[in-house]
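*Asks:* sequence unavailable; structure follows:
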């Protein structure tokens, strides 16, 4: 099993930056991909970004490309999401996720999930 714990959420103003962290524990050697998803009130959980655990290949949703950057520090079993130029539409609960199979944007492909961290962007 793998446990994921997010941190770094908060209340910011439009245009500000925020960095989320996700630390993995447990059987981390089995992980292939780490990702961030988000869920706004009344909406489906959507893909934000992903990174290969063993490399540096990344994947982004079009809505965040150029503003958000995903990175990882394997020595600390931690993945980061640097969010710049935040917009009110980025307001959501952000979830860290991990899978043991494939690089994917699909929620169902992910085996492990964190509890989520709230990001609120005010205008």
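*Replies:* Cool, got the structure. Because the structure is a prediction, the values reported are computed rather than measured.

*Asks:* tell me the contacts of residue 118?
*Replies:* Residues near residue 118 by CB atoms under 8 Å, 6 or more residues apart in numbering: 9, 10, 93, 94. In short, each C-beta sits where N, CA and C put it, glycine included.

*Asks:* go again using 7 Å as the cut-off
*Replies:* Going by CB atoms under 7 Å, 6 or more residues apart in numbering, residue 118 touches 9, 93.

*Asks:* what's the helix or strand for it?
*Replies:* strand 117-122 (DSSP states H and E).

*Asks:* try residue 79
*Replies:* Here residue 79 is covered by strand 78-83, with elements defined by DSSP H and E.

*Asks:* what angle separates that strand from strand 117-122?
*Replies:* In terms of direction (axes from the mean of the first three to the mean of the last three CA atoms, to 10 degrees), strand 78-83 departs from strand 117-122 by 10 degrees.
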